[in-house]
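Novice: make a model of this:
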Amino acid sequence: MAVQGQTKEKTRINIREPKQYRVIMHNDDFTSMEFVVEILIDIFKKDSLEAHRLMLLVHEGGRAAVGTYPYDIAATKVSSALARAKAEGFPFRMTLEEDR
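Specialist: Okay, the predicted model is just below:
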């Protein structure tokens, strides 16, 4: 029972999904195919078959999207992959694009 003079407040919560970003892997003439497959398996959690398929897409097409994630996750995966490439001496390149 509502007491006279008391007001009820309705709170409207507006929850939006975070923007998604595609991780784009770029081809170069120096990074080994094996290294790219390792990155796809270890960092992007692809199975061996999918990792090989994506590596060939990158190799043949010059670039390919290898996953779509919220910004923080995408940036962390790219940072991890690039650090590993640098440690191995590869000029590996990855970028992020907003998924529309």
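Novice: what sits against the residue most central in space within the chain?
Specialist: When Cα atoms, centre = their mean is applied to the chain, the residue found nearest the centroid is residue 74 (3.4 Å). By Cβ atoms under 8 Å, 6 or more residues apart in numbering, the contact set of residue 74 is 21, 22, 23, 67, 68, 96. From N, CA and C alone the C-beta is placed, and that goes for glycine too.
Novice: do the same with residue 63
Specialist: Taking Cβ under 8 Å, 6+ apart as the test, what residue 63 contacts is 24, 25, 26, 27.
Novice: how about the helix or strand containing residue 67: buried residues?
Specialist: Assessed by DSSP states H and E, residue 67 sits inside strand 63-70. Of the residues in strand 63-70, those with enough neighbours to count as buried (16 or more other Cβ atoms under 10 Å) are 64, 66, 67, 69.
Novice: does the last one touch residue 77 like I think?
Specialist: Yes: when contacts are counted by Cβ atoms under 8 Å, residue 69 is listed as touching residue 77 (6.9 Å).
Novice: in three-state terms, label residue 23 for me.
Specialist: strand (DSSP: H, G, I helix; E, B strand; the rest coil).
Novice: for residue 34, see how far away the nearest residue to residue 99 once chain neighbours are set aside is.
Specialist: Distance criterion Cβ to Cβ, 6 or more residues apart in numbering; nearest residue to residue 99, sequence neighbours excluded, is residue 20 at 4.1 Å. The gap separating residue 20 from residue 34 is 29 Å, by Cβ to Cβ, to the nearest Å.
Novice: so between these two, which is more surrounded?
Specialist: residue 20 (15 against 9; other Cβ atoms under 10 Å).
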